[in-house]
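no sequence on this one, just coordinates:
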């Protein structure tokens, strides 16, 4: 049985063939996962480059005070926020916090708008 995971809501499998047991592959195409430029399976936003980091979650952008975060890509159980002080949120609480941040982007003074933040739609 192959190990399974996901990248931005797209399923990937480890050891996609009998002859290649050390590679992650996209479950839907069987192609090697050589980068993670697929868009979010939930909102369709592509990863962005922000603050010199390639592959930032295009759903969230770079958020102030946040070390790492994931929108869950349609699966709230995968949603998390890890703050720079070491505290964090998971699941529904993280989803609610992220939505609050998205709702407030339009209100933020320009100097507080995070680098690479997605535009409001």
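Thanks, I have the structure now. Everything numeric in this text was worked out from a predicted model, so none of it was measured. Residues are numbered from 1 along each chain as shown.

which parts of the protein are strands?
When assigned using DSSP state E, the strands of the chain occupy the ranges 4-7, 10-14, 24-26, 48-50, 53-56, 66-70, 80-83, 88-90.

distance to residue 38 and mean neighbour count added to those strands, as TSV?
Using the backbone N, CA and C atoms, a C-beta is placed for each residue, glycine as well. Compiled in TSV, the strands of the chain are given as follows (distance: least, Cβ to Cβ, whole Å; neighbours: other Cβ atoms under 10 Å):
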stretch	distance to residue 38	mean neighbour count
strand 4-7	7	14
strand 10-14	5	17
strand 24-26	8	18
strand 48-50	13	16
strand 53-56	11	14
strand 66-70	14	17
strand 80-83	20	18
strand 88-90	24	16
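
tabulate the ones you listed (JSON lines), appending mean pLDDT.
Written out in JSON lines, the entries for the strands of the chain read as follows (pLDDT from 0 to 100):
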{"stretch": "strand 4-7", "mean pLDDT": "84"}
{"stretch": "strand 10-14", "mean pLDDT": "88"}
{"stretch": "strand 24-26", "mean pLDDT": "85"}
{"stretch": "strand 48-50", "mean pLDDT": "77"}
{"stretch": "strand 53-56", "mean pLDDT": "74"}
{"stretch": "strand 66-70", "mean pLDDT": "86"}
{"stretch": "strand 80-83", "mean pLDDT": "92"}
{"stretch": "strand 88-90", "mean pLDDT": "95"}
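
would you list the ones you listed in JSON lines and tack on distance to residue 35?
Rendered in JSON lines, the data for the strands of the chain read as follows (distance: least, Cβ to Cβ, whole Å):
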{"stretch": "strand 4-7", "distance to residue 35": "10"}
{"stretch": "strand 10-14", "distance to residue 35": "12"}
{"stretch": "strand 24-26", "distance to residue 35": "11"}
{"stretch": "strand 48-50", "distance to residue 35": "13"}
{"stretch": "strand 53-56", "distance to residue 35": "8"}
{"stretch": "strand 66-70", "distance to residue 35": "18"}
{"stretch": "strand 80-83", "distance to residue 35": "23"}
{"stretch": "strand 88-90", "distance to residue 35": "27"}
